[in-house]
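*Asks:* Structure of the sequence below:
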Amino acid sequence: MKSGHPPVVPTLYTSSQRQNAFSGTSNVMMGSDHATIPPSPGVPVPGFEALTMGTTSKRDLPSRNRKNKGKENAQTGAGVKKQVKKRSDNTMAKLVDAGFIEKVGTSGQRPFRFMDLPGELRNEVYMHTHGRPKQALLVYRPRIASLRPRTRLDRGRTLASDLAGQVQDEEILSACNKSGRSAKSKVKTELRETNRPFWGLTQVCQQVRIEYRPIYMATQEIGMDLAEIVDYLQTFYPTATDVVSQLEPPGTRQNDAPFVGNLTIAVSDKVNDLERAVDGIEVFPLLDIWANSLKIEAGFGRYLKANYVPETDGEAKDLYRLFGRRVLKNRSCSGMNNLWRSILRSGSLASVRIHRKPASHGAAAVSTMAVVGAQPPLSAVTKPYLHIIFKQDAAEPWMTKFESAVPKMPIDWLAERGFGAMEYFEVKVGVEQDA
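*Replies:* Below is the predicted model:
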């Protein structure tokens, strides 16, 4: 996967609002602008401190060379040289250095070892990395067929998103030239930066990865296409299915699964071939890990485009019903529907599918018309729909078919679970069938 794609705009915000509004940046999705981002509905989260590593005992540390500290600010913006104050000798630092030299047996320049820092200081470094979060939009980059497993050609070839980025950089350069600014001195600070800052910390070593990855996953907003969500979860949360399946029932559960994340799922304006498939797009793995984890924030959005009005986007707003919430007029989220919450957390579902462009009924019958001159039947247009499929052992008595008739009397079953007054999708309910 590679970060890069046209930006996407989400439709919503919840308890912890996303601060990154990226309109105008070229490789982001529009954030969840419809309402608040629904966090996992599990046990209360004590705070972000819970994600940091535990404390460790302090070690004898060499003092860092502070000889040049302060000189970087010796020149003001106007070019007037400031007087550098003479610093007093640090007797304690010298004693520490002397003790270290006596122990190690050398007085030469020593490399700084990050892992020699106590856990509390490493936590401070980790916390510093999420000061300015950016959205990283992941797109699938298929590998080129080759006898070699990975080639420079495969890694370096250009994507459409790369071309869009080049156009943006050229526009910046052109604007600088027209305004008379020095391109060499100014443009470098304005070109696009990486959307995955500090990702390299997860690749340093196993210990740093264990300590930092939960913090990184919780704060780094990841954007991806709706059709790729299952592949993403299988790649970055490979044990999620097994861990969630082993959780205790909600009434007796002490802790949820330890997963954290920050996801925005892009709903494209153009329906692709995967979304046209008979089975639609499977989103149950997303709902399952979201509903049963420590803290995973997830929302739906659109790829960035001009004149987008989230208040009128019924499709994106209806998708938030899958999180048990409605998008309100002020673009915030309602509280979570308790009945739907119980369904998600009790392991009652076998599948949840999104059919954005279902095949029309009667389309196949046209090819079977054998009578010459016979008029083919009119195709019945099927509206986009969400298909909720229960496990057989959790199905209610009226759930007898793959698409069962949903009761509306004496109580509207769908409305009671948060799926009433849908703007775009129909909702179908059924039970899984034996193969």
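*Asks:* could you pull out the helices for this protein?
*Replies:* Secondary structure of the chain by DSSP state H: the helices cover 91-104, 119-128, 152-156, 160-178, 183-186, 206-219, 229-236, 240-245, 284-291, 314-319, 338-345, 413-416.
*Asks:* what's the neighbour count on Pro214?
*Replies:* Using other C-beta atoms under 10 Å as the criterion, Pro214 is surrounded by 21 other residues. For every residue, glycine as well, the C-beta is placed using N, CA and C.
*Asks:* Distance of it relative to Ala298?
*Replies:* Look at Pro214 and Ala298: by C-beta to C-beta, to the nearest Å, they are 17 Å apart.
*Asks:* Could you identify which of the helices of the chain has the lowest mean pLDDT?
*Replies:* Across those, helix 183-186 has the smallest mean pLDDT, namely a mean of 48.
*Asks:* Quick one: end-to-end length of stretch 425-435, please.
*Replies:* One end of stretch 425-435 to the other measures 28 Å (C-alpha to C-alpha, to the nearest Å).
*Asks:* what about Ala240, how many neighbours?
*Replies:* 19.
*Asks:* just the strands in the stretch 301-435 of the chain please.
*Replies:* Taking DSSP state E, counting those that start in this stretch to define them, one finds strands in the stretch 301-435 of the chain at 349-355, 385-390, 426-431.
*Asks:* now the last one against strand 349-355, angle please.
*Replies:* Interaxial angle, strand 426-431 versus strand 349-355 (axes from the mean of the first three to the mean of the last three C-alpha atoms, to 10 degrees): 150 degrees.
*Asks:* ok now do the spatially closest residue to Cys205 that is not a sequence neighbour, which residues does it touch?
*Replies:* Nearest residue to Cys205, sequence neighbours excluded (C-beta to C-beta, 6 or more residues apart in numbering): Met115, at 7.9 Å. Residues in contact with Met115, defined by C-beta atoms under 8 Å, 6 or more residues apart in numbering, are Arg122, Cys205, Gln207, Val208.
*Asks:* Narrow those to those that are buried.
*Replies:* Neighbour-count burial (16 or more other C-beta atoms under 10 Å) applied to the contacts of Met115 gives Arg122, Val208.
*Asks:* And the furthest pair within the contacts of Met115?
*Replies:* Distances among those were taken as C-beta to C-beta; the most separated pair is Arg122 and Cys205, at 12.4 Å.
*Asks:* Low-confidence stretches in this protein?
*Replies:* Within the chain, the segments meeting pLDDT under 70 span 1-39, 41-90, 92-93, 95-111, 130-173, 175-196, 360-381.
*Asks:* cutoff 50 now
*Replies:* 1-4, 6, 11-36, 45-86, 88, 144-146, 183, 185-189, 362-374, 378-379 (pLDDT under 50).
*Asks:* Confirm for me that Ile281 is in contact with Arg356.
*Replies:* Yes: counting by C-beta atoms under 8 Å, Ile281 touches Arg356, with 7.3 Å between them.
*Asks:* who touches both of these two?
*Replies:* Counting by C-beta under 8 Å, 6+ apart, the residues touching both Ile281 and Arg356 are Glu275.
*Asks:* rewinding a little: check the gap between the residue nearest to Cys205 and Tyr212 for me.
*Replies:* From Met115 across to Tyr212, the span is 12 Å (C-beta to C-beta).
*Asks:* Repeat that for Gly418.
*Replies:* Distance of Gly418 to Tyr212, computed by C-beta to C-beta: 37 Å.
*Asks:* cool, and Lys270?
*Replies:* For Lys270, the distance to Tyr212 - C-beta to C-beta - is 38 Å.
*Asks:* Which one's more surrounded, those two?
*Replies:* Tyr212 (22 against 7).
*Asks:* Tell me how many other residues crowd Phe198.
*Replies:* 17.
*Asks:* ok, it touching Thr129?
*Replies:* Yes: with contact defined as C-beta under 8 Å, Phe198 reaches Thr129; the gap is 4.2 Å.
*Asks:* Now list whatever residues contact both of the two.
*Replies:* Tyr216.
*Asks:* Quick check: Arg353 touching Ala277?
*Replies:* No: with contact defined as C-beta under 8 Å, Arg353 does not reach Ala277; the gap is 9.6 Å.
*Asks:* Show me which positions of stretch 269-277 end up buried.
*Replies:* Glu275, Ala277.
*Asks:* Let's see that stretch as CSV, backbone CA atoms only.
*Replies:* What follows is stretch 269-277, C-alpha atoms only, in CSV (Å, rounded to 0.1, in the frame of the first residue of the first chain):
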residue,chain,number,x,y,z
ASP,A,269,-18.9,8.8,-6.3
LYS,A,270,-18.3,6.2,-9.0
VAL,A,271,-19.3,2.6,-8.1
ASN,A,272,-16.5,0.2,-8.9
ASP,A,273,-16.6,-3.4,-10.0
LEU,A,274,-16.2,-4.8,-6.5
GLU,A,275,-19.2,-2.8,-5.3
ARG,A,276,-21.3,-4.1,-8.2
ALA,A,277,-20.6,-7.7,-7.1
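*Asks:* Show me what it is in contact with.
*Replies:* The contact list for stretch 269-277 (C-beta under 8 Å, 6+ apart) reads Leu226, Ala227, Ile281, Arg302, Tyr303, Lys305, Ile354, Arg356, Lys357, Ala359.
*Asks:* Tell me the buried residues in stretch 307-318?
*Replies:* Tyr308, Pro310, Asp313, Glu315, Ala316, Lys317, Asp318.
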